[in-house]
Structure formats: structure tokens, C-alpha cells
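K.L.:
Got a predicted model here, sequence first, then my questions.
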Amino acid sequence: MKFYYYWLAVFVFVIDYLSKKWVEHSLDMGQTKQVLGDFFIITSIRNKGAAFGILQEQRWLFIVITLIVVGAIFWYLTKNRNSGKVWLLTGLGLVLGGAIGNFMDRLLYGQVVDFLQFTFGSYVFPIFNIADSGICIGVGLILLDALLTSKKENGDSNGNERNGQEGHQFIQ
């Protein structure tokens, strides 16, 4: 199971790729399809920027940054795949799959297919795709690992290890 994290990346990439192809072939640009009333709608759009449409028309910047990030993740996963840091490595696998999914769109078409739209009352969340979801969930797991690791390295959170006085109680 030492390649689990790479298989997770492949899974995210394949689901992302297939979902984008389905949207491209099933819906015209701007066309919508209700899934759960007004809450969840499939909306076919193209994004030439980054998350939430920022930095439009920066295709080559994203390609270069993604190549660096993907290379770094491959290196880290290869070096640390047996470290036991499940949350961190799972998060990196998700980020890797999502990054490659959006990278392929940018490289081949100069834009990313986005289609998942959620509405919360009057607020419409920016439209995104499966790759974006993999990246966001992956980053969340990486942050969770950092939090858990930090807590473990700093001892318990009850304050029993303050000032090197473990277990000592002071009476005033």
C-alpha cells in the first residue's frame, strides 16, 4: 500500500476529468441543470483564472507554479510515504490530483471547466469543480495534520507543562 497517496491523486484526477467531459458534452456554455432545487445547480462555465476567478488570463503563471508544486508534492510523497503521517500524505494526494486536473485543462485549453454551483439563501458560492474540491479538502487535511502535530509536539493543552514545571502545583 505504499503508493496509496498516488492512487488517491489518480482517483481525483480521473473523477475530475470524467465530470468535466460530461459537462462539456452535456451542457452548452452558461447552461444550467438543477440538481437539488436552487441549492445545487450544475452550471457550465470556463475559468481562465485561479480559484474564484481571480488572476484572469495568467495561464503561463499557473502552469509554471503548478509544475513546481506538483514536483514538490511528488518528491515529498516519495520521500515520506512511510512516515505514518496519514492526514498530511492524504491531503497531499488530494492536492496532487486536483492540481494535475486543473493543470491539464490550462495546458490543453487555456481555461478550466467549472460547474458545481451552490446557493445559500441569496449568496451564490463561486462555481468550482472536482479538482478544486480535492485541493481544498487536501489543504484542510494538511492544516489538520499541522494542528495535530503542533499539539503533540507542544504537549497537552491542559497547561500542565508550563515553564518546565510538569506536575508541580503552586499554592499561593
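P.N.:
The structure has been received and is ready for your questions.
K.L.:
Contact partners for the residue minimising distance to the centre of the chain?
P.N.:
Centrality entry for the chain: nearest residue to the mean C-alpha point is residue 135, 1.0 Å, by Cα atoms, centre = their mean. Applying Cβ atoms under 8 Å, 6 or more residues apart in numbering to residue 135 gives the contacts 94, 95, 98, 99, 102. C-betas here are computed from N, CA, C, even on glycine.
K.L.:
can those residues go into TSV with extra columns for distance to residue 77, neighbour count and pLDDT?
P.N.:
Shown next, in TSV, are those (distance: Cβ to Cβ, whole Å; neighbours: other Cβ atoms under 10 Å; pLDDT from 0 to 100):
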residue	distance to residue 77	neighbour count	pLDDT
94	12	26	97
95	10	24	96
98	14	25	96
99	13	24	94
102	19	27	93
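K.L.:
of these, closest to residue 124?
P.N.:
residue 102 (21.1 Å; Cβ to Cβ).
K.L.:
Chain neighbours aside, what residue packs nearest to the closest one?
P.N.:
residue 131 (4.6 Å; Cβ to Cβ, 6 or more residues apart in numbering).
K.L.:
Mind listing what's buried along stretch 119-138?
P.N.:
Buried residues in stretch 119-138, counted by 16 or more other Cβ atoms under 10 Å: 127, 128, 129, 130, 131, 132, 133, 134, 135, 137, 138.
K.L.:
From residue 43, how far off is the last one?
P.N.:
Look at residue 138 and residue 43: by Cβ to Cβ, to the nearest Å, they are 24 Å apart.
K.L.:
what's the answer for the first one, then?
P.N.:
Summarising the geometry, the distance separating residue 127 from residue 43, computed by Cβ to Cβ, is 6 Å.
K.L.:
next one: residue 116
P.N.:
8 Å.
K.L.:
Between those two, which contacts overlap?
P.N.:
residue 127.
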